[in-house]
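Student: Pasting a predicted model and its sequence here:
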Amino acid sequence: QVAVDEAPMVFAGEYEYNIYEEAYDINEDTNTLYAYTADGLLKWSWLSNVAKKNMNLEVMADISMPLFTVEEDATNKTYKYTTTPVTITNGQPDGSNWVIVGDYENENWYNDCVINGNGKTISNLTMYSENDTVLGFVGYIENSEVRDLTFNKVTLYSTNGYVGPIAFADDGTLVSNVHTKNSYLYGANKVGGIAGGSIDHYDHLGKELMDNVKNGKRVR
C-alpha cells in the first residue's frame, strides 16, 4: 500500500529505488511541472514565486499535504516542509502548509497556464493569513484554465477577503469540473467553495470575444 502523498517505490533486495526522481517534476520543453507528491507541488509553487516562472501544472496522483509549515530551501531551489506542525483549533489554523501561487500584492500573477487535475484530489490544504489580499491554492489567476481537480479537507482562514481554493479568477480564466468537499473556509468577505471572486473585463468587447472565452479559447 502506497500513501497518497508518496511516490511509488520499487524494492530490490536491500535497496530502495524511487521511481520518480527529482527530475520528474519539470519538463522544461513544455513548461509543465508534473506533481506526484506534495513536494512536487511545493516545487511548482517555488518556481512561480521565487523563480517568477509561470508553469502549467499536471496533478498526477492523489496528494495529501502534510500539516507542517513551509520554508524556502534555497540550496535545492524549492520549498520544503519544516518540523513545525500546523494545528487547527475551531477551524482556525495557526500556520500554513502552502505558499500561494499567484501573489496579488507583488503583482506576481499566474498567467496563461493550465492546471490540470487529471481527476485527482489534493487534500489537507491549510492556510492562515492576517495580511494577504487573496488566500488559496492559487491566488490571482488570469487567462488560464483550472480543470478536473478536487480539493478535500481544505481549511482556509483569513481576516481579509477573496478566500477559496481559487482565490480570484480574472480575465479569460476557465474553471471546469473543480470540486471542494469536507472543508472549512473563513474570510471577512468574498469567500467561495471554488473561487472567492471572479470577474471578466472583456464583456464590453462583444459577444464573439466572450464566446471564445467560454469555448476554451483563452484570449487577451
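Tutor: Received, thanks.

Student: what does the helix ranked longest in the chain contact?
Tutor: Among the elements of the chain assigned as helix by DSSP state H, the one spanning the most residues is helix 38-49. Helix 38-49 is contacted by residues 5, 24-26, 33-35, 53-55, 57, 63-66, 70, 72, 77-81, 98-103, 108, 110, 122 when judged by Cβ atoms under 8 Å, 6 or more residues apart in numbering. In short, each C-beta sits where N, CA and C put it, glycine included.

Student: Filter those residues down to the buried ones, ChimeraX style.
Tutor: The following ChimeraX line selects those of these that are buried, judged by 16 or more other Cβ atoms under 10 Å:
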select :5,24,25,26,33,34,35,54,55,57,63,64,65,66,70,78,79,81,98,99,100,101,102,103,108,110,122
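
Student: quick one: which of the contacts of helix 38-49 sit in strands?
Tutor: 26, 33-35, 57, 63-64, 70, 72, 78-81, 110, 122 (DSSP state E).

Student: Among these, which has the minimum pLDDT value?
Tutor: Least confident by pLDDT among those: that is residue 26, with 51.

Student: Can you tell me, leaving aside adjacent residues, what's nearest to the most centrally placed residue in the chain?
Tutor: Centroid check for the chain by Cα atoms, centre = their mean gives residue 137 as the closest residue, at 3.6 Å. Excluding its sequence neighbours, the residue lying closest to residue 137 (Cβ to Cβ, 6 or more residues apart in numbering) is residue 165, at 4.8 Å.

Student: The residue nearest to residue 77 when sequence neighbours are not counted and residue 162: what is the separation?
Tutor: Closest residue to residue 77 apart from its sequence neighbours, by Cβ to Cβ, 6+ apart: residue 46 at 6.8 Å. Residue 46 sits 23 Å away from residue 162 when distances are taken as Cβ to Cβ, to the nearest Å.

Student: out of these two, which sits in the busier spot?
Tutor: residue 162 (25 against 22; other Cβ atoms under 10 Å).

Student: Which helix or strand contains that one?
Tutor: In the assignment (DSSP states H and E), residue 162 maps to strand 161-163.
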